[in-house]
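In: Got a predicted structure plus its sequence, pasted below:
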Amino acid sequence: MKISPEELKQRMNRFKEGLKRSGIKLTHQRLEIFREVAESGDHPDAETIYRGVRERIPTVSLDTVYRTLWLLLDLGLIATLGPSRERSRFDANMSPHHHFVCSRCGMTYDFCSPEFDQLNIPDSVMELGNVEKLQVEVRGICLQCSKK
């Protein structure tokens, strides 16, 4: 999926403003790594981003790409999908349920919600393929971390 030039411009401006607000230096490598993510609607993984950036900056390392991505995540300039950076989680609970994931400690809690179980899948999703499972992941700060 290609991102429109106007959307790309908005994303790049948000990136530059976010770095400036945080007092983080805008480097050529950071700019190109973010651009690689911002131009893609495919939610690329770090290795895909690395390969794309390397075409423009042959000296960039995979480590630099990973460190930059985690920095951008911590600054709220990008989001992750799937497992956390520390480790994958496994779940033997095969009954319908959803997850609350603590953004600080990573603890994951199961919860049930008949409302979420009954969510209507939009036609735009159905056009992408056949839905086999619906599972909502809610992220926030757990009560134990909130008390600290």
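Out: That came through, no problem. Numbers count the residues shown, from 1 in each chain.

In: What are the buried residues along the helix ranked longest in the chain?
Out: Criterion DSSP state H: the longest helix present in the chain is helix 5-22. Buried positions in helix 5-22, judged by neighbour count with 16 or more other C-beta atoms under 10 Å: 11, 15, 18-19. For every residue, glycine as well, the C-beta is placed using N, CA and C.

In: For those residues, give me CSV that also has distance to residue 35 and pLDDT.
Out: Formatted as CSV, the buried residues of helix 5-22 follow (distance: C-beta to C-beta, whole Å; pLDDT from 0 to 100):
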residue, distance to residue 35, pLDDT
11, 9, 93
15, 8, 95
18, 14, 95
19, 13, 96
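
In: Mark out where each domain of this protein begins and ends.
Out: 5-74, 98-147 (automatic domain parsing).

In: Any chance of CSV for those domains, columns distance to residue 80?
Out: Compiled in CSV, the domains of the chain are given as follows (distance: least, C-beta to C-beta, whole Å):
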stretch, distance to residue 80
domain 5-74, 6
domain 98-147, 10
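
In: ok, and which of the ones you listed has the densest surroundings?
Out: domain 5-74 (a mean of 15; mean count of other C-beta atoms under 10 Å).

In: so how far is the first residue of it from its last?
Out: End-to-end distance for domain 5-74, by C-alpha to C-alpha, to the nearest Å: 26 Å.

In: when you give positions from now on, start the count at 95
Out: Okay, residue one is now 95; in that scheme the one you just asked about reads as domain 99-168.

In: Distance from that domain to the middle of the chain?
Out: 13 Å (C-alpha atoms, centre = their mean, to the nearest Å).

In: Over to stretch 219-234?
Out: 15 Å.

In: Could you do stretch 209-223 as well?
Out: Counting by C-alpha atoms, centre = their mean, stretch 209-223 comes out at 21 Å from the chain centroid.

In: circling back to that earlier point, in terms of mean pLDDT, which of the domains of the chain ranks lowest?
Out: Lowest mean pLDDT within those: domain 192-241, at a mean of 90.

In: Would you mind measuring the gap between the ends of it?
Out: Across domain 192-241, first to last residue, C-alpha to C-alpha, it's 24 Å.

In: can you check stretch 109-128 too?
Out: Stretch 109-128 end-to-end distance (C-alpha to C-alpha) = 8 Å.

In: At which residues are the helices of the chain located?
Out: Using DSSP H, helices in the chain cover 99-116, 122-132, 140-150, 156-168, 208-211, 217-220, 237-241.
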